[in-house]
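In: got a structure for you, letters missing:
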Ligand code: CP3
């Protein structure tokens, strides 16, 4: 039995006295103790060594006291397990030197051994679950098919992912074949994360906002829903289609979706109106605002909670925490949510 099950309660829209709080990318570069491990081990060694991944996952629990842990890993482990080379270049981000452009490239992606190849993630989850000792729930995650397609076709990070989008628009049938293959692999991967101990699943569609609402319905939504439908019988599912608040209403009508993450581009009142009481909302503090003074952070976060309301709400950032944020500012964000009282 979890000692702190606020996140699960919020996802079931059960009554709580305050919202749960966690931060996307909470295990990472803003923490000095993460920097120590980063200076000793390269990125994929940190990801692939269960003891290191577990230690990194627990760091923000100890340091800032969030209400949930998220397993330290990366969304690009799926393209890697499908057979692609993925390099993480210091200061530059991910690089996939052999990109996907043809049916043959897609056929060469091997989805059969996905679960065996990603055993280190499941070991990290079981180990972390043991170490957490039921203090807080553990979130497992994966990248959404469209976001993974972006990296697999573009080969690197990009502001607009023009090459990946052109691939979708000029070869829609190929794009759909690739998205389906990624979806099948992701479903096996996430099911195994739940078997290993993940209590909640989040799917990151970091780049879905580059699509128009109509194209989101073609290249992103069907695959998000397929994943949610497959996982919902096993664990609550949070979808984070960044920049796609136009999809709040339609996604919230999916029975398999428990929570939807939103970025700062949508007003709390609008998000509530669009999503109704069908799902929990998660977000949406602008991560750059953690650079403000602690007093200002506390004021703005209190207001954010008041505007979303305490029920069916998970306090979070609207995207990942930035590396330059002082730890005490991150802690102030968490503390003010924990101190929140309905009468505030
Ligand atoms: O949230 C957590 O604490 C768990 C850890 C986590 C990482 N990546 C570790 C990481 C999670 C949830 C991710 C997800 C991820 N990875 C996403 C989706 C979320 C988002 O931010 O949109 C994306 C798009 C990626 C791909 C990726 N990985 C990029 C673009 C980069 C380089 C840019 C960056 O953010 O640093 C990474 C590297 C990465 N993944 C780092 C960390 C801590 C930084 C590298 C390092 O510390 O050595």
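Out: Received, thanks. Small disclaimer: the values here were computed from a predicted structure and weren't measured.

In: quick one, strands of the stretch 201-344 of the chain?
Out: Ranges of strands in the stretch 201-344 of the chain, per DSSP state E, counting those that start in this stretch, are 237-241, 259-261, 280-285, 313-317.

In: Dump these to CSV, plus distance to residue 67.
Out: Any C-beta I mention is one placed from the backbone N, CA and C, and that applies to glycine too. CSV is the format used below for those (distance: least, CB to CB, whole Å):
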stretch, distance to residue 67
strand 237-241, 14
strand 259-261, 14
strand 280-285, 12
strand 313-317, 9
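
In: Between the ones you listed, which one is closest to the ligand.
Out: Of all the strands of the stretch 201-344 of the chain, it is strand 237-241 that lies closest to the ligand, at 7.7 Å by CB to the nearest ligand atom.

In: what residues does the closest one touch?
Out: 11, 24, 139, 144, 200-206, 208-209, 216, 220, 224, 227-228, 231, 247, 251, 256-261, 280, 282, 314 (CB atoms under 8 Å, 6 or more residues apart in numbering).

In: pull the longest helix from the chain.
Out: Of all the elements of type helix in the chain, the one with the most residues (DSSP state H) is helix 172-196.

In: and that one, how far out from the chain's middle?
Out: 16 Å (CA atoms, centre = their mean, to the nearest Å).

In: how about that helix, does it get close to the ligand?
Out: No: Helix 172-196 stays out of contact with the ligand when judged by CB under 6 Å from any ligand atom, the minimum separation being 12.5 Å.

In: now that helix and strand 237-241, what's the angle there?
Out: Orientation note: helix 172-196 sits at an angle of 140 degrees relative to strand 237-241 (axes from the mean of the first three to the mean of the last three CA atoms, to 10 degrees).

In: With distance to residue 180 and mean neighbour count as added columns, please give the strands of the stretch 201-344 of the chain in JSON lines.
Out: As requested, these are arranged in JSON lines below (distance: least, CB to CB, whole Å; neighbours: other CB atoms under 10 Å):
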{"stretch": "strand 237-241", "distance to residue 180": "18", "mean neighbour count": "27"}
{"stretch": "strand 259-261", "distance to residue 180": "23", "mean neighbour count": "26"}
{"stretch": "strand 280-285", "distance to residue 180": "27", "mean neighbour count": "26"}
{"stretch": "strand 313-317", "distance to residue 180": "30", "mean neighbour count": "27"}
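
In: Would you pull up the residue in the stretch 101-250 of the chain closest to the ligand?
Out: Per CB to the nearest ligand atom, residue 206 is where the stretch 101-250 of the chain lies closest to the ligand, at 3.1 Å.

In: Let me see the contact set for that residue.
Out: Under the criterion of CB under 8 Å, 6+ apart, the neighbours of residue 206 are 75, 143, 144, 147, 240, 242, 319.

In: Now, the contacts of strand 237-241 that are in helices?
Out: When the contacts of strand 237-241 are checked against helices using DSSP H, the ones located there are 11, 216, 224, 227, 228, 231, 251.

In: Which of these ranks first by neighbour count?
Out: Using other CB atoms under 10 Å as the neighbour criterion, residue 224 leads the ones in helices among the contacts of strand 237-241 with 27 neighbours.

In: Point to the residue nearest the middle of this protein.
Out: A centroid search over the chain (CA atoms, centre = their mean) returns residue 204, at 4.1 Å, as the residue closest to the centre.
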